[in-house]
Each structure stands twice: as structure tokens, then as C-alpha cells.
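> What follows is a predicted protein model with its sequence.
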Amino acid sequence: MLAFSSHIQNTMSYTLTPSTSLNNNTPTTHKFPYSSNPKTLLKTLTFPFNIPSKLTLTSPKSSTTTNYNELGLDEEIGRIKRLQNGSDVRGVAVEGEVGRKVDLTPPAVEAIAESFGEWVINGLVKEKGRPVEDVKVSLGRDPRISGNSLSVAIFSGLGRAGCITYDMGLATTPACFMSTVLSPFLYDASIMMTASHLPYTRNGLKFFTKKGGLTSSEVEEICDKAAYKYANRLTKVSTLLRTTPTRVDFMSVYAKHLRDIIKERVNHPQHYDTPLEGFQIIVNAGNGSGGFFTYEVLDKLGADTFGSLHLKPDGMFPNHIPNPEDKVAMSVTKTAVLETSADLGIVFDTDVDRSGVVDKEGNPINGDRLIALMSAIVLKEHPGSTIVTDARTSMALTRFITDRGGQHCLYRVGYRNVIDKGVQLNEDGIDAHLMMETSGHGALKENYFLDDGAYMVVKIIIEMVRMKLDGSNEGIGSLIKDLEDPLESIELRMDILSEPKDAKAKAIEIIETFKSYIEEGRLDGWELDACGDCWVSDGCLVDSNDTPAPVDAQMYRAKVSNEENGQYGWVHIRQSIHNPNIAVNMQSTVHGGCLSMARVFLDKYLIASGMDKVLDFSQIDKYAKES
């Protein structure tokens, strides 16, 4: 089997215009291979030219001076601030989306990277109580087609801040964090350039220090500073690259880390170094960054990976959305598992911080089913542990967890919210070993509270091998055979009809009005859900403990009851942090329950409150009428 790096031969273009060359305005593009030898731990980038002390980063959209009198300073500032999406930065990096303009430009990214670099340095100075030198920051990226130009901008911004930069090339989000804690790298911080499962036109940034991923408030602080940098520069171009990035092959080290975990915890009595001999495992990488798991982890542990899908990185994602929630992704993986009689199928998202699996019977395991599977594994190892999830999980999942002696804490939607809640519970003395969101994000206390799709799969594989060693011929799906699926479940979206700059405020108004309608008793049988015995109230929105976490997006959950069935369902309404819309999730334990709740939501809230005038509610209207 070929090494991972031989499958990934991209080319990265650096467009350099020496600022001292005033008579020649034609930029020169130099290319170097964007790959590494896995046998070489560190490899310095070699450029076939002399690096000028000053250089200009050019962009077709940003190479001219902006007229602030025409644009307006506030709009320039707002343009950068709107790139924040919770604890990430995301935007449109390539033209191609109807109704969406490119806003994640190299100049914008450079300003954000510079602010992040300064934030890291200032934090280290405060922590150590003295000036710091040689602050090291790594950068990884998924295969999106905008990665080349934006990488240059990030290296430039970090250089302006005074950081030493390291280029990890094609990488995963979890690997970027691990580059801050695994020896001999131990970088001070890291950035992953990705937009997860979003279209090829999008891109974004995720930020890490040794303490983990940044919070929404920290990213907001960085974007605020970046906005003023961006708006106050006379030209939207890079002016100084202090150091060239050093190319590092971290993914081989990260893969070995995962292999070692499997070998040590399986501790196979016959073949310690190849504990996956006799197992066939299908990987669907969706043309994202997850192919390494096949070549560098499974193959080297002895697994048969014949039949794996879409392993070659392709930033256009030609086959399907790299997303374990995507029906096509799960369907083709199911087919591959059944056709090859595989023991397990694995589906990664683009940057491998999320995953889903397919059992040997071809049953997709994602959403509540994946949370249940991980809960069953974790509660074997840590009896009585609290499992933290977002508030869209089913009432059946709560029963599944409590039947196994666990505690279920429902919390705000958003993977950072769920993870941060788990961290807080542990700090308060509550044993919480697993935090998972229904989207497939999952973190474990034993793994730095890091949402790592590959590590989740490692846990599942270890359990699968242990079951076989114990004499069981049942697959991992047998661990959740008594989990009841919701009888009805639906998600509907409503676009906010406003200018992008006003969407957030409008969303808050819409959702707070929903809360008021319930509190005032205008929706018969609807009650704000406090989600049980937890330190959360007001529908998974406000912490009532001594140190409430800041709210990054408005949301509430209401439980719905009637005389005939008692509580038969719930409605969760939330502000999207990625797009200007409102998401409405419903689940019911009775036939027709979601339809009934949708009609009440439409007639007695949206239309009665006048919110139908500021929302495109066609999805809900269609569902209510056609059902």
C-alpha cells in the first residue's frame, strides 16, 4: 500500500510582488510541490528564488486601494465581523454561489491571522509574566480550491504578528490541535483552514492553543481587532513576510499516535502490532482530508480496506457532500459494506472532526444512534458518567443512557457549547466523559476534550475487536439494538428577510418572541423545557450556575403535551450561526405529532405574531399543507 503522502500531490502557488520593484507591476508566480516525505519529520520549504524583505500579496478582488469615502468605514468593519460563525470563521472564498458574494478574501484572512497571532503572543506574555520569543504557530488545511491563496495570506498575517510559522499541508482539524501537544512539535497554537461539509465555494478558520479550541467570545475578540486592522489599512495587501513557513510532516506522527492507541488498548494476544488482521473496514473520505486513516492507520494495523470510497482529496467534492449526516454518503457506504461483507464502514466529514459509521448489517449509525453507541462504550469504562449532548436528542436516547446507569445533560446546540459544558461539569466535580452533538461532533475527556472524528472511530474499532476476542460474532450495532428511534422527526428552515448585517438582531427578536408566546400561554400545551436535572434553564439557553457561559446563538426548546398522550414531543428553535436563517427541529412519539406542532407553530405563532412578514416560512407552510 502506498504511503499517504504519495496520494496527495497538490501544488501551492505563492504570488510575490517585490515592493521595491516599482517599474514592474507583473506578479511572478512560483510553485513548489505541496507534499512531504513521511520519513522526514521536518522539511524546510525551498524556494527557487531569493525572498525579498518586502512583498505584496495580490488578489484579483483586492489589489487596488479602497475608497473609504464611498464604502464607509462601518461597512468595512462589519464585513470582517460578520465572518465570525460561533467559534469559527467562515465565508465565501470562491465565486459560484447564487446570491452570495466572496467575502473571505486573502486580505481579510491576513488581518484575522495577524490578530490571532497577536492574541496568542499576548496570552503567552500574560501567562509567563515576561516577554516571549519564538512563538510557533502551525497551519493545516483541507483540499478546498481556495486553500492555496488563503494559506499565503495566513502565513503573511502570522508573520506580521511576529510568529514563526509551520506548514502542515493537507491535514485534519484534530491534527492541528494535536500539533500543539505532541512531541517534538509542541506548537504554541494552530489554525485549521476548512469549512467542514459546506460547499467548495466556502472556506474558514478554526483556532487552537494548547488549551483547546477557542471559544466564541475569544474568536469575536480576534475578529473585532482584525476588522479595524482591515478597515484602517490604506491598501488591502500584505506588506511584509517576516519568515518563510517550514514544511512539516505532522500527519504521519498523528497517524502513529492513533495506531499506538489501538495496539495498546486491544493488546492482541497473537499479533500485537496488527490487531486488525481478519477485519475488513470500509472508509468513505468524501474526497476530504480523511484518506490518511485508510493508508496510515488501518492498513498498517493489518485491516483489509478494499472497497473504500473517495479517498483522493478533491476540493470540488465531486461525489457527494463529505458529511456523516448526508444520506448519499451513508447510502453509498452502506452499499460498499454489504457488497464486500465488511465488518464496519466509516464516513468522515471534510476535516475529520466528525464521523459516522455503518455496522456489518448495513445499518447507518449517526445522530442519536452514534451518541448511543459511544455512550454504551464509555459507560462500560466509566460507570455513572454524565453524557452531555445538544438539545435535539430524543427522549429515547435519554432512557438509553439512564438505563445503563448514566446521566444525560442536554445543552445548547453547537459543538463548542456541548464540549464547553462538559469541561465545566468536570471542573465542578461532575464526571462527564463524553460530549456529543447530533451532527457527529464528539469529544472525550480522555482525549483533551477534542472533537475528533478519527478518535471516535478508534474507540469503536477497539470495542469491535474486543468483542471478537471475547467470542462474539455480533457487530458493534448490537450495542444499540434496544435504542428506539423517534417515531417522527423533522427539521425545517426559515430564511431571515433582511440585510446580512441585520440578520443576527432580527433572529434574536424572532426567537425571543417565540419564548414570550410560550410564557404567556398563547400556545396551549407548550412549555419551555428546562431539560431535566441539570444546571441549565430556559430551554437550554441560560446557565443558572455561578459562572454562566456566554450565549453565541439564541435558542429555546419547548416540550409539547396534550391530555390524551401527555408529553408527546418537543420543538427546538434556534438561530443558525452559519447562515441568516432560523432552524426548527421537531420530534414526536405519536403519529401526526410533528404535523400538529408545525401547524400550531405556523398559525398561532408565526402568523399571529407577524413574524411571517420577516421570514421565508415556505418550508413550514409546505410541510403543514402537504402532510
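Yep, it's here. Residues are numbered from 1 along each chain as shown.

> Does L104 touch E95 like I think?
No: using Cβ atoms under 8 Å, L104 is not in contact with E95, being 11.6 Å away. Just so you know, the C-beta spots here come from the backbone N, C-alpha and C atoms, and that holds for glycine as well.

> So the two - more neighbours on which side?
L104 (25 against 10; other Cβ atoms under 10 Å).

> Can you tell me how far that one is from E118?
Separation of L104 from E118 (Cβ to Cβ, to the nearest Å): 20 Å.

> Is Y605 in a helix, a strand, or coil?
Three-state assignment for Y605 (DSSP: H, G, I helix; E, B strand; the rest coil): helix.

> From what I see, it and I511 are in contact.
No: using Cβ under 8 Å, Y605 makes no contact with I511, being 11.0 Å away.

> Just give the number of residues close to D273.
11.

> what about it, which helix or strand?
D273 is part of no helix or strand when elements are defined by DSSP states H and E.

> The residue nearest to it when sequence neighbours are not counted and A255: what is the separation?
Distance criterion Cβ to Cβ, 6 or more residues apart in numbering; nearest residue to D273, sequence neighbours excluded, is K263 at 6.4 Å. Separation of K263 from A255 (Cβ to Cβ): 13 Å.

> Between those two, point out the one with more neighbours.
Neighbours were counted for K263 and for A255 using other Cβ under 10 Å; A255 has more, 21 against 18.

> For that one, give me its contacts.
The contact partners of A255, taken as Cβ atoms under 8 Å, 6 or more residues apart in numbering, are F4, F292, F293, E296, V297, K300.

> show me where the stretch 301-450 of the chain has helices.
Here the stretch 301-450 of the chain has its helices, by DSSP state H, counting those that start in this stretch, at 327-340, 367-381, 395-403, 415-427.

> tell me the contacts of the residue lying closest to N565 once chain neighbours are set aside?
Excluding its sequence neighbours, the residue lying closest to N565 (Cβ to Cβ, 6+ apart) is V590, at 5.4 Å. By Cβ under 8 Å, 6+ apart, the residues touching V590 are L487, E488, N565, Y568, G569.

> quick one: the helix or strand encompassing the fourth one to helix 395-403, angle?
It stands for Y568. Element membership for Y568, per DSSP H and E: strand 566-575. With axes from the mean of the first three to the mean of the last three Cα atoms, to 10 degrees applied, the angle from strand 566-575 to helix 395-403 works out at 110 degrees.

> Give the pairing partners of strand 566-575; include direction for each.
strand 555-562 (antiparallel), strand 581-588 (antiparallel) (DSSP bridges).

> how close does R466 get to V266?
Distance of R466 to V266, computed by Cβ to Cβ: 7 Å.

> Strands along the stretch 401-550 of the chain, start to end?
For the stretch 401-550 of the chain, the strands defined by DSSP state E, counting those that start in this stretch cover 407-411, 432-436, 442-444, 450-451, 488-496, 526-528, 536-537, 542-543.

> Surely G169 touches G140?
Yes: contact criterion Cβ under 8 Å: G169 and G140 qualify, at 7.1 Å.

> rewinding a little: ok, now how distant is the residue nearest to D273 from I461?
Per Cβ to Cβ, K263 is found 11 Å from I461.

> P143 too?
Applying Cβ to Cβ to P143 and I461 gives a distance of 25 Å.

> And the two? Which one has more around it.
Higher neighbour count among P143 and I461: I461, with 28 against 23, using other Cβ under 10 Å.

> Now for the more buried one: which residues touch it?
With contact set as Cβ under 8 Å, 6+ apart, I461 has these partners: I262, L276, I281, L344.

> go on, M436?
Shown in contact with M436 (Cβ under 8 Å, 6+ apart): L370, I371, M374, I387, V388, T389, V418, G442, A443.

> Per-residue pLDDT of it, please?
On pLDDT, M436 comes in at 97.
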